[in-house]
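Trainee: pasting the sequence and the predicted coordinates here, then a few questions.
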Amino acid sequence: MIPLIIFAVLIAFLVYYLASLYNKLVALRNRYKADYKQIDVQLKRRYDLIPNLVESAKGYLTHESKTLEAVISARNNAFDASKLAAANPGNASAMAGLMQAEGALGAVMGKLLAVVESYPNLKANETISQLMEELTATENKISFARQVYNDDVAEYNTNREQFPNNVLFNFAAAELLESLEKPEDRQAPKVSFK
């Protein structure tokens, strides 16, 4: 009778242990998905601010219509990519599409900001100035939310790859949300004083 009780206790302990491993993976997966929701909220805020900035700048930048059209086009592409990523956070192809669209949006926004800098009247406009401050604050919030998301994705991926999780459970890997698309963009610029 005692061996049967010991066997039953061991089985119960094993079931509890396996359930706790599984539940931890589920909790980590849900946490990174919730973290992505914060990124999504800030991206939507930025996508809403960009058309306001373009509309405010239109009066000053009549001969820069190609730049303004490029900004709106890139914003629309990034918005569409963010919807795909929000539907399945952590999906490699969705994250890659979002990173590519965000990279393109960042490039054209950089051109728009350079144009704004070259027009003193536009730069001094209170509405433009306020929108620029809001965009900067939103970018900071996106960076912070991206870091939290990436930290939780890394923890989730580490747990799913550890033994015995990697043998017992078939949880898909989650993809990090990188801030730069091309590795060469991470290189420090070369400076020469010749």
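Mentor: It's in. Numbers count the residues shown, from 1 in each chain.

Trainee: what sits up against the lowest-mean-pLDDT helix or strand in the chain?
Mentor: Across the helices and strands of the chain, mean confidence by mean pLDDT, DSSP states H and E is lowest for helix 120-124: a mean of 76. Counting by CB atoms under 8 Å, 6 or more residues apart in numbering, helix 120-124 makes contact with 57, 60-61, 116-117, 128-129, all of which sit outside it. (Each C-beta comes from the backbone N, C-alpha and C, glycine too.)

Trainee: stretch 127-141 now?
Mentor: By CB under 8 Å, 6+ apart, stretch 127-141 touches 42, 45-46, 49-50, 52-53, 56-57, 113, 116, 122-123.

Trainee: from the chain's centroid, how far away is that stretch?
Mentor: 18 Å (CA atoms, centre = their mean, to the nearest Å).

Trainee: got the buried residues for that stretch?
Mentor: 128, 131-132, 134-135, 138, 141 (16 or more other CB atoms under 10 Å).

Trainee: CA-only coordinates of that stretch in CSV, if you can.
Mentor: Taking C-alpha atoms only, stretch 127-141 is exported to CSV below (Å, rounded to 0.1, in the frame of the first residue of the first chain):
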residue,chain,number,x,y,z
THR,A,127,1.1,74.3,-34.4
ILE,A,128,4.1,72.7,-36.1
SER,A,129,6.2,73.2,-33.0
GLN,A,130,3.5,71.5,-30.8
LEU,A,131,3.1,68.6,-33.3
MET,A,132,6.8,68.1,-33.4
GLU,A,133,7.0,68.0,-29.6
GLU,A,134,4.1,65.4,-29.5
LEU,A,135,5.9,63.3,-32.2
THR,A,136,9.1,63.4,-30.2
ALA,A,137,7.3,62.4,-27.0
THR,A,138,5.5,59.6,-28.9
GLU,A,139,8.8,58.3,-30.3
ASN,A,140,10.2,58.2,-26.8
LYS,A,141,7.2,56.2,-25.6
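
Trainee: for the helix or strand harbouring residue 98, what is the average pLDDT?
Mentor: Following DSSP states H and E, one finds residue 98 within helix 92-117. The average pLDDT within helix 92-117 is 90.

Trainee: packing partners of that helix?
Mentor: helix 2-58, helix 65-87, helix 120-124, helix 126-161 (3 or more CB pairs under 8 Å, 6 or more residues apart in numbering; DSSP states H and E).

Trainee: one more pass at 6 Å, please.
Mentor: Applying 3 or more CB pairs under 6 Å, 6 or more residues apart in numbering; DSSP states H and E, we find helix 92-117 packed against helix 65-87.
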